[in-house]
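> Here you go, sequence then predicted model.
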Amino acid sequence: MQKLKQKTGLMFPVILFSLISLFFLSLSRVLLTAWQAEHVTGWQDWMMILTQGVRVDISTLCWLLLLPSLLATLLPVQGVLGKIWVFLLRVWLVAGLWVLVYMELATPTFITEYNLRPNRLFLEYLIYPKEVFSMLWVGYKAELAIGLLGTLLTLFLGWKLSGYAMRDLKAPKWYWRPVLAIAVLAFGVMGARSTFQHRPLNPAMVAFSTDPLLNDLTLNSAYSVIFAAKNMGSEKNAEEFYGKMPLEEVVETVRQASGRPDSFISDDIPTLNTTLPTFAGKKNLVILLQESLGARFVGALGGLPLTPNLDQLMQEGWNFTQVYATGTRSVRGIEAMTTGFTPTPSRAVVKLSKSQTGFYTIAELLERQGYHTQFIYGGESHFDNMKSFFLGNGFEEIVDLPDFENPKFVGSWGASDQDLYQMADQQFTRLHNTGQPFFSLVFTSSNHSPYEFPDGEIELYEQPEHSRNNAVKYSDKALGEFFAKAKQSEYWKDTIFIVIADHDARAEGKVPVPVDRFHIPALILGGDVQPRQDDRLASNIDMAPTLLSLIGADNTSPMIGHDMTKAVAPEYQRAMMQFDKNFGYLTKDKLVVLQPGKAPIGYHYDFAAQSMTPASVSEIESKRALAHALLGGKLYRQGSYRLPPATEQQLVSAEQ
């Protein structure tokens, strides 16, 4: 070590911390890959993960240490200025090492939940420290302890090591310093870019597998989060990921793929179309959005025997057996159900700045037609920017945790589902008594990690008590109790209900888009809804037009979803899925997947076996998928996903 110190001189502290960081990051990558060995198909995967991983780590360290390395060649290490510089360099090195260590320690928990390394979701959760820390404290005490211990050890040992590294450093002759600075700058920039191509290193350059987790293991978690932050800052549009297409061609392709191109009526609002309601009258509408309830937890859809109440209700209403979510986050499910917006690689519109006002929602449409519009949530409605988005786009009333009086149980994410449904019943009764039709979005939370619910409410499916499966079972009990009460109410006969999930609990798989982990329940119930089992392929963006048709609402809107009360030919049935940076366009006979910087790939999807086999992709199929992937971003940026100005007749109707 002393010989290395003598030969490297001023660069010794940087080189020492770089070597330690490279060793730790490589060790972490080996352990993570061994833990997820079921995803690895052979030694080639190991080689790519480890060799390309070192490349990513070197790039990360060059970005992290380039500036202090350059300053180290130019600034003195003696005297008052030298002491200040030595202290700042020690802080920089130790803090950088801590970030790398902490992010790797946080990675197993994140992979367990999302099947990916920490990414933009990690940053988005940091905006809500109260809810997140409460969740971690209740359900992840061991992980918190590991993170704290790792932090303390890294800071203590790192500071001690930096003291040794900086001790008795000797500066080279003054005329060698500029030469050394130029060499550090040149090698640092080349190492950071890690390529002589036009663009510097990015995750797509080291991606080698159709399994997203394997590609993520090649990265390190600090790099993954910083890359996500950079993308969030610039809000990259889908064209930068998948390719370009003029708006006119996008719109024309989407219109033709809808199966009803003649229904589109505007050039100013390219997707504005009119769908006449199937049923007359004016019914209330209630969306019961279920947290993380994938089809694999629903017995009637071939899942675990956790939902006896929902299984029974599926025999009483209009049950869709092949509905697929647009994403893997609650805001993506909210986006689909309230706006019908197609998914994009950007954040959901609930959180984007240009969609906080003047953005289409079914609440705004129904408000114009005289409905009272409402959001009911057992937690804090500011979470994920829901309150701001809703109030700016047609929701008149927000009912959240502060409005609950003496709830039976309050967990990390708010009041229990039983409390939520009790509040919902009270609100529906109150609104029904006013004689004004109403629309209410009710969002559950009990089936969210750390899976808290009142003791003694269910016969446990498994141990420990606070597990996902037990939480599903509890949530189903609360749902059954609500409908038992609702069927006896005055509002039942005048209301259309939909029970639908926002997304599955965890999307994972060895393919770019694991279709089976987007499969969700969707059940429509109400006084006049007749029992039927519907096996047509659909997305949750199809549900809003369908519901508007069932309640007799005039639907002139920018939504491109199908009204499932009408016939939809098999060739026009489809679902769109955003899985991190990958976009999937699923039809009855093909899944087309778009990935950043790569050509489209295809799969045949067996709906019965829930399995995928590689397939070729035609130019028409590729173009159709690309058009739908680009549509949302283009409409968002030009502010054309909206309703036209309200007519005098609509305003009078709303006032009445």
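Arrived safely. These figures come from a predicted structure and were not determined experimentally.
> Quick one: distance of stretch 618-637 to the chain centre.
20 Å (Cα atoms, centre = their mean, to the nearest Å).
> buried ones in that stretch?
Buried residues in stretch 618-637, counting neighbours by 16 or more other Cβ atoms under 10 Å, are found at 621-636. From N, CA and C alone the C-beta is placed, and that goes for glycine too.
> Equivalent analysis for stretch 307-318, please.
By neighbour count with 16+ other Cβ under 10 Å, stretch 307-318 contains the buried residues 307, 309, 310, 311, 313, 314, 317, 318.
> re earlier: pick the one among the buried residues of stretch 618-637 closest to residue 609.
Nearest to residue 609 among the buried residues of stretch 618-637: residue 621, at 22.0 Å, using Cβ to Cβ.
> Distance of the closest one relative to residue 599?
Per Cβ to Cβ, to the nearest Å, residue 621 is found 12 Å from residue 599.
> Also residue 605?
In terms of Cβ to Cβ, residue 605 sits 19 Å off from residue 599.
> Run through who's touching stretch 457-475.
138-139, 290-293, 297, 304, 306-307, 417-418, 444, 446-455, 477, 505 (Cβ atoms under 8 Å, 6 or more residues apart in numbering).
> Show me which of residue 605 and residue 599 is the more surrounded one.
Neighbours around residue 605 and residue 599, counted as other Cβ atoms under 10 Å, are more numerous at residue 605. The numbers are 23 against 9.
> quick one: that one is in a helix?
No: secondary structure of residue 605 (DSSP: H, G, I helix; E, B strand; the rest coil): strand, not part of a helix.
> just checking, it touches residue 593?
No: counting by Cβ atoms under 8 Å, residue 605 does not reach residue 593; the two are 10.9 Å apart.
> Apart from its chain neighbours, what residue comes closest to residue 477?
Computed as Cβ to Cβ, 6 or more residues apart in numbering, the closest residue to residue 477 that is not its neighbour in sequence is residue 458, at 5.7 Å.
> does that neighbour count as helix, strand or coil?
Taking three-state DSSP, the label given to residue 458 is coil.
> And it, its phi and psi?
Note on residue 458: its backbone torsions stand at phi -140, psi 160 [degrees, to the nearest 10].
> Next, work out how far apart it and residue 44 are.
47 Å.
> So for those two, which sits in the more crowded spot?
Taking other Cβ under 10 Å, residue 458 and residue 44 do not tie; residue 458 has more neighbours (19 against 11).
> gap between the more buried one and residue 149?
Per Cβ to Cβ, residue 458 is found 35 Å from residue 149.
> Give me the neighbour count for the closest residue in space to residue 60 that isn't next to it in sequence.
With Cβ to Cβ, 6+ apart as the criterion, residue 60 has its nearest non-adjacent residue at 4.6 Å, and that residue is residue 223. As a burial measure, residue 223 scores 25 neighbours (other Cβ under 10 Å).
> Residue 588 now?
15.
> Without its sequence neighbours, what residue ends up closest to it?
In space, residue 588 is closest to residue 570, 5.1 Å off (Cβ to Cβ, 6+ apart).
> now the helices for the stretch 451-600 of the chain?
For the stretch 451-600 of the chain, applying DSSP state H, counting those that start in this stretch gives helices covering 468-486, 543-550.
> Deepest in the core, which of those helices is it.
Highest mean neighbour count of these: helix 543-550, a mean of 24 (counted as mean count of other Cβ atoms under 10 Å).
> Return it as CSV; C-alpha atoms alone will do.
What follows is helix 543-550, C-alpha atoms only, in CSV (Å, rounded to 0.1, in the frame of the first residue of the first chain):
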residue,chain,number,x,y,z
MET,A,543,-63.3,1.0,-18.9
ALA,A,544,-64.0,4.8,-18.8
PRO,A,545,-65.8,4.9,-22.2
THR,A,546,-67.7,1.7,-21.2
LEU,A,547,-68.8,3.2,-17.9
LEU,A,548,-69.9,6.5,-19.5
SER,A,549,-72.0,4.5,-21.9
LEU,A,550,-73.6,2.5,-19.1
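> what's in contact with it?
Contacts of helix 543-550 with the rest of the structure, by Cβ under 8 Å, 6+ apart, involve 275-279, 283, 285, 287, 323, 336-340, 362, 365, 496, 498, 500, 522, 524, 526, 529, 555, 557, 559, 561-566.
> roughly how far out does that helix sit from the chain middle?
Taking Cα atoms, centre = their mean, one finds helix 543-550 lying 25 Å from the centre of the chain it belongs to.
> what's the top helix by length along the chain packed up against?
What stands out as the longest helix in the chain, according to DSSP state H, is helix 79-114. Using 3 or more Cβ pairs under 8 Å, 6 or more residues apart in numbering; DSSP states H and E as the contact test, the elements touching helix 79-114 are helix 12-35, helix 43-74, helix 120-126, helix 141-166, helix 221-234.
> how about 10 Å then?
Judged by 3 or more Cβ pairs under 10 Å, 6 or more residues apart in numbering; DSSP states H and E, helix 79-114 is in contact with helix 12-35, helix 43-74, helix 120-126, helix 141-166, helix 212-218, helix 221-234.
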